[in-house]
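K.L.:
Here's a sequence, model it:
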Amino acid sequence: MHATWIEISASAFNHNVEMIFHCTQRSLAAVIKSHAYGHGLCEIAFLCDKNPYIDLLCVTTGKEVAALREYGIRKPILVLMPDYTSIKECMIYDNVILSVSHKDYLYEITQQVDSPLVPIHIKVDTGLSRFGFASHEIPALFALCDRLSSITVHGIYSHFAHVYDTDAVTSYAHEQYKQFQTVITYCTTMRQQPLSAIHMSNTVGGLLYDIPQCSHVRIGIGLYGIWPSLDEKRAICVRYPLLTLKPVLSWKTRIIELRTVSQGTSIGYSCTYRAPRAMRIAVLPIGYSDGYNFAFSNGVGYVMMGEYKAPVVGRICMNATIIDVTDIPDSLYHNEVTVIGGHYGPSVETVCLAAQIVNVRTFLTGINASIPRLLVA
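P.N.:
You can find the predicted model right below:
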């Protein structure tokens, strides 16, 4: 029996993948970097490996590649972030594709890897200004790749910086698309060797912006059943009114301490909360070191015990959280408590909105990787 654990719903995961596939009509590249957005790298990859709509996994490090292959994951892996220190680590495994966004990295691959052909995806910078080649550099880059006998270009890709405003032809997303279109045109008309993959859109981009030449959509946050923002959800649901997403993650824990305090008693660090009445309080074995954000202190956050809501009282501690169970009958040691998700628990979007956490990914990726992730139906 675990004191705290994460449940990963296989049925919710498969529902999300199928819904997004039927909307986009593209092969799906599952973005499972950063411990699969906090959901559990190997657990999510296991589901990806069995899902027929996903044919590419996207990670950022050699350690992730090694973990997946050692776990038995066989689908192709694209390493999105260039890392000079992990090239050899990645390429000792089969079916691993490296992302190239700088000429020096291309030379580094040829020097470090003895394989006869190293598959790469070329990253094109169309406006995010993070990684990638400018569109005008692509012809010379392909000529260089042709001269390097150990390199084979499998694909090209880019990434939207601001995809939400896609209706206006003057939008930033449209300008990015036009830049990428010039690269696609060059690759499809000026080169005889066809590309296996062309991709630009993430979840929101794939659902709002149709790029006919793209073979794949990279799905990250949508894979896990979470909407990045209410505005984007509204816009997507206008286009696809039957689209639904189901949260994959539920975070659960148990009561490890119960006590009664009198009115006026200070609860938690810095005396920021005083009991307004005689109260029964419970302690949970999760805190900010586990990823339960400090911003949930003093009533901003709450958890659920069955159908009953238990607000956080006092400050979130490093390894503990105190909740008010005064009005909850049958509150006992070891009772199960739902922190996030499940049938009654608050959604990730709800708790982040209450705590003014703008990007839900910052909360999800902050959930401690040492907490067990358990696959459930």
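K.L.:
ranges for the strands of the stretch 51-200 of the chain?
P.N.:
For the stretch 51-200 of the chain, the strands defined by DSSP state E, counting those that start in this stretch cover 54-59, 77-79, 96-100, 118-123, 151-157, 197-199.
K.L.:
which of the ones you listed sits most buried?
P.N.:
For the strands of the stretch 51-200 of the chain, average neighbour numbers computed from mean count of other Cβ atoms under 10 Å are highest in strand 77-79, which has a mean of 25. Yep, even glycine has a C-beta here, placed from its N, CA and C like the rest.
K.L.:
what lines up beside it in the sheet?
P.N.:
With DSSP bridges as the test, strand 77-79 is paired with strand 54-59 (parallel), strand 96-100 (parallel).
K.L.:
JSON lines please, covering those strands and showing mean pLDDT.
P.N.:
As requested, those are exported to JSON lines (pLDDT from 0 to 100):
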{"stretch": "strand 54-59", "mean pLDDT": "98"}
{"stretch": "strand 96-100", "mean pLDDT": "97"}
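K.L.:
With respect to Met304, which of those lies nearest?
P.N.:
strand 54-59 (31.9 Å; Cβ to Cβ).
K.L.:
Next, the angle strand 151-157 makes with that closest one.
P.N.:
Counting by axes from the mean of the first three to the mean of the last three Cα atoms, to 10 degrees, strand 54-59 points 100 degrees away from the direction of strand 151-157.
K.L.:
which residues sit against strand 54-59?
P.N.:
Where contact means Cβ atoms under 8 Å, 6 or more residues apart in numbering, the residues beyond strand 54-59 that reach it are 17, 27-33, 41, 45, 48, 65, 68, 73, 75-80, 197, 216, 218.
K.L.:
coming back round to it: as a markdown table, the strands paired with strand 77-79 with distance to Asp146 would be great.
P.N.:
Conversion of the strands paired with strand 77-79 to a markdown table gives the following (distance: least, Cβ to Cβ, whole Å):
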| stretch | distance to Asp146 |
| --- | --- |
| strand 54-59 | 24 |
| strand 96-100 | 14 |
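K.L.:
Can I get stretch 28-39 as CSV, trimmed to CA atoms?
P.N.:
Once non-C-alpha atoms are left out, stretch 28-39 reads as follows in CSV (Å, rounded to 0.1, in the frame of the first residue of the first chain):
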residue,chain,number,x,y,z
LEU,A,28,0.6,11.1,-34.3
ALA,A,29,4.0,11.8,-32.7
ALA,A,30,3.6,11.5,-28.9
VAL,A,31,5.6,14.0,-26.9
ILE,A,32,6.6,12.2,-23.8
LYS,A,33,9.6,14.3,-22.7
SER,A,34,10.0,15.5,-19.1
HIS,A,35,8.7,12.3,-17.6
ALA,A,36,5.7,12.4,-20.0
TYR,A,37,4.6,15.8,-18.6
GLY,A,38,4.8,14.3,-15.1
HIS,A,39,2.7,11.3,-16.0
